[in-house]
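Asker: below are the sequence and a predicted model; questions follow.
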Amino acid sequence: MSNQIKHRWRKDQLLILGILSLVFLVCTVILNWIIGLVGLVILAFVIFWILRSDVKFEKKLEKYITTLSHRVKKVGDEALLEMPIGIILYDERYNIEWMNTYMISLTGGNSFLAHSINHISEALIPIITGDEEEAVAKINKRRYRVVPKREERLLYLFDVTPFLETKERYSNEQTVFAIIYLDNYDEVTQGMEDQLKSNLNNKMTAIIKDWALEKEIYLKRFSSEKFFAVLDQSKLKDLEKGKFSILDDVRESTSKSHIPLTLSVGIGANTTSLLELGQLAQSALDLALGRGGDQVVIKHPDGKVRFFGGKSNPIEKRTRVRARVISHALSELIIESDQVMVMGHQLPDMDAIGAGIGIMEIAEANEKHASIVVEPENYGSGVIKLIEEIQEREELWSKFISTEEAIDQTTEKTLVVVVDTHKPSMVMEPKLLTKADRVVVMDHHRRGEEFIKDPVLVYMEPYASSTSELVTELLEYQPKKLKLGVIEATSMLAGITVDTKSFTLRTGARTFDAASYLRANGADTILVQKLLREDLDHFNRRAKLIQNTELYRGDIAIAVGDKDMTCDQVLIAQAADTLLSMENIRASFVISVLKDEKIGISARSLGEINVQLVMESIGGGGHLTNAATQLNDMTIEEAKDKLKEVIDEYLEGGE
């Protein structure tokens, strides 16, 4: 800075000398020498004055620079020592070498020289050894933004407590919308005496209003079975910690009266848009009902979904109205399409094939061509015998096509019907979902977070034993009389038989109605038994799986296959069923390496433990008593440890 000032000063001096020299030269040439001599004297005086002024200026400038340097150094020292920013110097072993005054005040006046940084906060060393540019650490109940300078072995700490407290307060005070729905209220109260209906209504209203009053939630009833609730994010966090105990309160209070009434709650959160909150709450409620009810679903704008509850089996509806409506709607969609493509999940089982054949029969009843999409190398082991039976009937087998043929034949006007799954990642050929404009989903599993995008028709009934049962009901309501062939009816009956474990699990009155309809239309029960028979090698492999079983927490059976032994999903599911039939077993889990080198887990229970929630926590799904998952990039031992971890969380943290 001083050099710049000197340069500017000397530039001005040279300019003055140049002007005077020019004046002197002009006077000497144009005028006489006397005037030139006078000019020379004046020039000499000016030069003397300039030199003298230059000396004074340099002295004054040096004094100014010295004073300024002292002031800057003083300010720098004060900033380093007194500024409200913590500064720590540490050595290569993370021991403290120096701290500024402000940092010492944060530690209660102790500098901790030559002591480990851990004396200040155990979070500091992980921040230093990490690769983040900054992080937050807590020191004496306050939080600091830590900026590490690793090459200089230096830490800067900025107090961000007020900012984070404001941020948390803003987050906690965000509005949350909830829609509370009384499951099956209309069905339960239909035909009920007025006094009993009024008593039930008052009882439910009192339970829900008392709960809302206790939790400081605004509640408004807007129909006989729906309530609207407004709360904030902090109240929602409290409800999550309590696992939404209102679900248990309602279920227990009604079960004493033998009334199958439960609650479903859809919650929209984490956005300031009231319109979006309402849409999220309704979408979450639809998801809760699609999963069978008796649960809470919280949905965020980013698509994140959390589930609570779902402890009870879904309640079977008393009316067949929906089945009739769905059947007619499906017929209209088929008639408007040029053809129908039916596909199930990868490695299709008996239920997927049986339901696919049923949809094909509905399409043909409406005079439209239908094809079932399969891949020979992707058959589940349980359907090989059924496929062999179908192959003997050339007319029926010609309607089974490969995924490549399906892609080539599918047009925008083709109707794609997905059976026995609703997850796009699990269908036989995901490309068909985007190539066709209209997709129908038919499934009996509880709805998960992943779902096929924008289907034109969804028929999901978690209470149903199988998708074959649902499709059988649709056949009954077709406008034209259908005459099923023996193999068609038998394949659907086999699908129901497998999924109900020969009508012993997950069966309702409508399950037997569907089986009766199929039997009346030619289903061969002897052929079903032949299709379900297993060979000796299959039996031995299942026995080997069961042999490696341990009892976890006293009554939970966990069987683990050898790491060199590969099984299919059907085999481990059968092993889980077998274990569940043992004495004093509440739930069974079978873990094995699958043929695609993934780790498969099959889970079964009798209802006391919700295996669906256990499997969902590690990426799977299913039913309350029947669920499964597949894990990638994990060894079989790691999968076992992970399973035990989620079982502990389920049993100790609540459902």
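Answerer: Looks like it came in fine.

Asker: what packs against the helix or strand where Glu168 lies?
Answerer: Taking DSSP states H and E as the definition, one finds Glu168 inside helix 161-172. For helix 161-172, the elements it packs on are strand 142-149, helix 233-241, judged by 3 or more C-beta pairs under 8 Å, 6 or more residues apart in numbering; DSSP states H and E. The way it works is simple: take the backbone N, C-alpha and C, and place the C-beta from them, glycine included.

Asker: partner strands of the helix or strand following that helix, parallel or antiparallel?
Answerer: Next helix or strand after helix 161-172 toward the C-terminus (DSSP H and E): strand 175-183. Note on strand 175-183: by DSSP bridges, its sheet partners are strand 226-232 (antiparallel), strand 262-268 (antiparallel).

Asker: show me how far whichever helix or strand comes after strand 175-183 is from its chain's centre.
Answerer: Next along the chain after strand 175-183, taking DSSP H and E as the criterion, comes helix 185-189. Distance, stretch centre to chain centre, for helix 185-189: 33 Å (C-alpha atoms, centre = their mean, to the nearest Å).

Asker: try stretch 504-521
Answerer: Its chain's C-alpha centre and that of stretch 504-521 lie 36 Å apart, by C-alpha atoms, centre = their mean.

Asker: that one - what's its average pLDDT?
Answerer: Across stretch 504-521, the average pLDDT comes to 87.

Asker: how about that stretch as CSV, C-alpha atoms only?
Answerer: What follows is stretch 504-521 as a C-alpha-only set of coordinates in CSV (Å, rounded to 0.1, in the frame of the first residue of the first chain):
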residue,chain,number,x,y,z
THR,A,504,-55.8,-74.7,6.7
LEU,A,505,-54.5,-71.1,6.6
ARG,A,506,-55.9,-67.7,5.4
THR,A,507,-59.2,-69.2,4.5
GLY,A,508,-62.6,-67.5,4.7
ALA,A,509,-66.1,-68.3,3.6
ARG,A,510,-65.5,-66.9,0.2
THR,A,511,-62.5,-69.1,-0.2
PHE,A,512,-64.6,-72.2,0.0
ASP,A,513,-67.3,-70.6,-2.2
ALA,A,514,-64.6,-70.1,-4.9
ALA,A,515,-63.3,-73.7,-4.5
SER,A,516,-66.9,-74.9,-4.8
TYR,A,517,-67.5,-73.0,-8.0
LEU,A,518,-64.3,-74.4,-9.5
ARG,A,519,-65.2,-77.9,-8.4
ALA,A,520,-68.6,-77.5,-10.0
ASN,A,521,-66.9,-76.4,-13.3
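
Asker: residues of it that come out buried?
Answerer: Buried residues in stretch 504-521, counted by 16 or more other C-beta atoms under 10 Å: Leu505, Arg506, Thr507, Gly508, Arg510, Thr511, Ala514, Ala515, Tyr517, Leu518, Asn521.

Asker: and the spatially most central residue of the chain, what are its phi and psi?
Answerer: When the chain is reduced to its mean C-alpha position, the nearest residue by C-alpha atoms, centre = their mean turns out to be Lys304, at 4.6 Å. Per-residue torsions, Lys304: phi -70, psi 130 (degrees, to the nearest 10).

Asker: I'd like the strands paired with strand 175-183 laid out as TSV, including mean neighbour count and distance to Ala370.
Answerer: Below are these laid out as TSV (neighbours: other C-beta atoms under 10 Å; distance: least, C-beta to C-beta, whole Å):
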stretch	mean neighbour count	distance to Ala370
strand 226-232	18	39
strand 262-268	26	35
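
Asker: out of those, which comes closest to Gly191?
Answerer: strand 262-268 (19.6 Å; C-beta to C-beta).

Asker: for the record, mean pLDDT for the closest one?
Answerer: On average, strand 262-268 scores 91.

Asker: wait, a strand at Ser253?
Answerer: No: counting by DSSP: H, G, I helix; E, B strand; the rest coil, Ser253 is not part of a strand but helix.

Asker: could you find the closest non-adjacent residue to it?
Answerer: Ile207 (6.2 Å; C-beta to C-beta, 6 or more residues apart in numbering).

Asker: where does the one you found land on pLDDT?
Answerer: In this model, Ile207 is scored at 91, pLDDT.

Asker: that older thread, deepest of the helices and strands packed on helix 161-172, which one?
Answerer: strand 142-149 (a mean of 18; mean count of other C-beta atoms under 10 Å).

Asker: and that strand, what does it pack onto?
Answerer: The contact analysis (3+ C-beta pairs under 8 Å, 6+ apart) places strand 142-149 against helix 124-129, strand 135-139, strand 154-159, helix 161-172.

Asker: can you tell me which of the ones you listed is nearest to Ile546?
Answerer: Once those are compared by C-beta to C-beta, helix 124-129 is nearest, at 45.0 Å.

Asker: tell me the mean pLDDT over that closest one?
Answerer: In this model, helix 124-129 has an average pLDDT of 89.

Asker: quick one: buried residues of the strand or helix carrying Asp641?
Answerer: Here Asp641, judged by DSSP H and E, is contained in helix 636-653. Using 16+ other C-beta under 10 Å as the test for burial, helix 636-653 gives Ile636, Ala639, Lys640, Lys642, Leu643, Ile647, Tyr650.

Asker: could you work out the most separated pair of the residues you listed?
Answerer: Top of the distance list for the buried residues of helix 636-653 (C-beta to C-beta): Ile636 and Tyr650, 21.1 Å.

Asker: and the gap between the residue nearest to Ser253 and Gly607?
Answerer: Between Ile207 and Gly607 the computed distance is 24 Å (C-beta to C-beta, to the nearest Å).

Asker: can you list the low-confidence ranges for this structure?
Answerer: 1-55, 57-59, 61-82, 256-258, 310-320, 377-378, 380-382, 479-482, 653-655 (pLDDT under 70).

Asker: Val160: how many residues sit nearby?
Answerer: 15 (other C-beta atoms under 10 Å).

Asker: and for Glu429?
Answerer: 20.

Asker: hmm, Ile372 and it touching each other?
Answerer: No: here Glu429 does not reach Ile372: they are 11.7 Å apart, not a contact under C-beta atoms under 8 Å.

Asker: please enumerate the shared neighbours of these two.
Answerer: With contacts defined as C-beta atoms under 8 Å, 6 or more residues apart in numbering, the residues shared by Glu429 and Ile372 are Met343.
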